[in-house]
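Trainee: Could you look at this predicted model? Sequence included:
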Amino acid sequence: MKMSSHKLTTVISFISGKGGVGKTALAAATGKLLALLGHKVLLIDSDLVTHGLTFLLGFRGRKPGILEFYSANVEAIKKQGPKEIRSLAQAMSEVVICAHDNNLHFIQSASRPSLKYAKIVSEQPNLLNNLLGLLIQEIANSGKYEFVLVDAQAGPVSAVFPVVSASQKTVIVMEPDPVTVYATQNAVDELKDYLPKESFYLINKLSVGEASGYHAIEQFLKILNHLPPIPFDFQVRKSFMFRRIPLDDEKPTAFMFGIMQMLADLVPELGPEISRMEKRCREIVLGPTMKGIREAEKEAEELAAQRVRLEKMINEAASGQMKYSAIRNLLLPVMAAISFVFISLNIVFDVDLQTTLIGLSLSIFYVFLLWFGLGRKKSPLERDRHTLEVNLAMLEEKMYSIRARAESYRNLMVSTTSELMLGRDEDKQ
């Protein structure tokens, strides 16, 4: 029993006004998210020029791609009428599908990269585009998949027209810069008669610094609905190097949270499922983050208390220094006066020299004792003053490190929550 394509199979195409905006990564990540939610998904690489999605998922040499099938049957296609070509598209749908994961399958543009395909694409573009459109329709009508996601060629080229015509929803991907905005406007103008009613534009790679200009872009493209923007994430670019879809529900990132928010608006009926996954992912990300903040702040408080104790000890040492200095400064003149008295007695009263020398010796001894004795035996705290100051400097450096770590946790928490809501808060008001 076949399922109705309009009710049970949703075809979503991802297009763009120019290349390099992240269209392929978004299509692949959206497909993987749908698969993780338990839906059966088919990804189609209809970019028969750059093969971006096929490169990301890996060329499968044992399975023919769209171009191999077309190349092997091009002469038959030229001779057949519309009915026969549709039958050929149906046959094609049964041989070109590759398995990627349990719920995620894909159709590659070609089984291996080759320059000869550029000639195939340019020779009979209308025949190839017609076959591509029929292939999408046949797969949708077969009822094998709940979602069919198509990564289209960049720009308003002829290969995009059959893709958007066969779609129930279209996502127009762009970046927040004037060049991309102009290219997107041009693509929309060219495709406006073919775009489905549920067409949305999506700002990708949005940084916090660019958020202020986001709403200006919204006004510029009033003719289309818009989806929540996707934050910039360097790991997405890195994933292409390793041919890995940039989405992992065990290690959720800001990019994944953005994809979930986008999909919730694109397919509203999936809202409850996405909310449950989002809650679980938030616990994975924000749970350790909040714990890290608490630990960092607790350690910072302990260091601050230790700093207070050290400063108190240093102040006590400084106070002791002042006390001993005052005593020394007071007794030194006294001993000098006593010495002067002994000398005067010797001169005025003719005290014998031996007694005078004994008095002077005692005076010098007491002066030596005051200067070197009290000066050195100020207090244990005073002796350790330098050590305490070194420890304090080290603690201040450690406190700075802890506070920086706590701030990085807060930044992570913000980047995965509130910043992803750009463009949504104003919509709700």
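Mentor: Sure, I can see it.

Trainee: From now on I want contacts and neighbour counts done on CA atoms only, so please keep to that.
Mentor: Noted.

Trainee: domain parsing for this protein?
Mentor: 5-266, 295-415 (automatic domain parsing).

Trainee: Do a quick rundown of the strands in the protein.
Mentor: Secondary structure of the chain (DSSP state E): strands at 10-16, 41-45, 97-99, 104-107, 147-151, 169-174, 198-203, 225-226.

Trainee: list the helices and strands the longest one packs on?
Mentor: Right, strand 10-16. Strand 10-16 sits against helix 23-36, strand 147-151, strand 169-174, with contacts defined as 3 or more C-alpha pairs under 8 Å, 6 or more residues apart in numbering; DSSP states H and E.

Trainee: Quick check: which ranges of the stretch 301-429 of the chain have low pLDDT?
Mentor: Low-confidence segments of the stretch 301-429 of the chain (pLDDT under 70): 303, 314, 317, 320-332, 334-389, 391-392, 395-396, 398-429.

Trainee: possible to save the strands of the chain as a markdown table with distance to L132 and mean pLDDT?
Mentor: Output for the strands of the chain, formatted as a markdown table (distance: least, C-alpha to C-alpha, whole Å; pLDDT from 0 to 100):
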| stretch | distance to L132 | mean pLDDT |
| --- | --- | --- |
| strand 10-16 | 13 | 97 |
| strand 41-45 | 10 | 96 |
| strand 97-99 | 14 | 89 |
| strand 104-107 | 11 | 94 |
| strand 147-151 | 11 | 97 |
| strand 169-174 | 17 | 95 |
| strand 198-203 | 20 | 91 |
| strand 225-226 | 27 | 81 |
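
Trainee: could I get these as a markdown table with mean neighbour count and distance to K251?
Mentor: Output for the strands of the chain, formatted as a markdown table (neighbours: other C-alpha atoms under 10 Å; distance: least, C-alpha to C-alpha, whole Å):
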| stretch | mean neighbour count | distance to K251 |
| --- | --- | --- |
| strand 10-16 | 26 | 25 |
| strand 41-45 | 27 | 22 |
| strand 97-99 | 16 | 23 |
| strand 104-107 | 24 | 19 |
| strand 147-151 | 26 | 24 |
| strand 169-174 | 25 | 25 |
| strand 198-203 | 22 | 23 |
| strand 225-226 | 18 | 27 |
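
Trainee: right, and the helices and strands packed on strand 10-16 - which one's nearest I44?
Mentor: strand 147-151 (4.7 Å; C-alpha to C-alpha).

Trainee: Just the residues contacting that closest one, thanks.
Mentor: 9-15, 23-24, 27, 31, 39-47, 53, 140, 163 (C-alpha atoms under 8 Å, 6 or more residues apart in numbering).

Trainee: Which neighbours in the sheet does it have, and how are they oriented?
Mentor: strand 10-16 (parallel), strand 41-45 (parallel) (DSSP bridges).

Trainee: export those strands to a markdown table and tack on distance to K79?
Mentor: Listed next are the strands paired with strand 147-151 as a markdown table, based on distance: least, C-alpha to C-alpha, whole Å:
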| stretch | distance to K79 |
| --- | --- |
| strand 10-16 | 29 |
| strand 41-45 | 26 |
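
Trainee: Out of the strands of the chain, which is closest to I259?
Mentor: strand 198-203 (10.7 Å).

Trainee: Parallel or antiparallel, list what pairs with the closest one.
Mentor: Strand pairing (DSSP bridges) places strand 198-203 next to strand 169-174 (parallel), strand 225-226 (parallel).

Trainee: D249: which of these is closest?
Mentor: Among those, strand 169-174 sits nearest to D249 (C-alpha to C-alpha), with 22.9 Å.

Trainee: Between helix 23-36 and that closest one, find me the angle.
Mentor: 140 degrees (axes from the mean of the first three to the mean of the last three C-alpha atoms, to 10 degrees).

Trainee: Contacts for strand 169-174, please.
Mentor: 10-17, 21-23, 164, 180-181, 184, 195-204.

Trainee: and if we set it to 7 Å?
Mentor: The list of residues contacting strand 169-174 from outside it, by C-alpha atoms under 7 Å, 6 or more residues apart in numbering, reads 11-16, 21, 23, 164, 180-181, 184, 196, 198-204.

Trainee: try stretch 66-83
Mentor: Residues contacting stretch 66-83 (C-alpha under 7 Å, 6+ apart): 85, 108-110, 117.

Trainee: Which among the residues you listed count as buried?
Mentor: 85, 108-110, 117 (16 or more other C-alpha atoms under 10 Å).

Trainee: ok, which stretches of the stretch 101-250 of the chain are helices?
Mentor: 116-123, 125-142, 161-165, 178-191, 214-220, 234-241 (DSSP state H, counting those that start in this stretch).

Trainee: got TSV for those helices, with distance to E68 too?
Mentor: Listed next are those as TSV, based on distance: least, C-alpha to C-alpha, whole Å:
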stretch	distance to E68
helix 116-123	9
helix 125-142	11
helix 161-165	19
helix 178-191	28
helix 214-220	41
helix 234-241	24
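
Trainee: so what's the closest residue to A183 other than its chain neighbours up against?
Mentor: Of all residues not flanking A183 in the chain, G17 sits nearest, at 4.6 Å (C-alpha to C-alpha, 6 or more residues apart in numbering). Counting by C-alpha under 7 Å, 6+ apart, G17 makes contact with 154-156, 180, 183-184, 187.

Trainee: okay, the contacts of stretch 66-83 in CSV with pLDDT and distance to P64 next?
Mentor: As requested, the contacts of stretch 66-83 are exported to CSV (pLDDT from 0 to 100; distance: C-alpha to C-alpha, whole Å):
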residue, pLDDT, distance to P64
I85, 80, 18
Q108, 93, 8
S109, 91, 9
A110, 88, 7
Y117, 71, 13
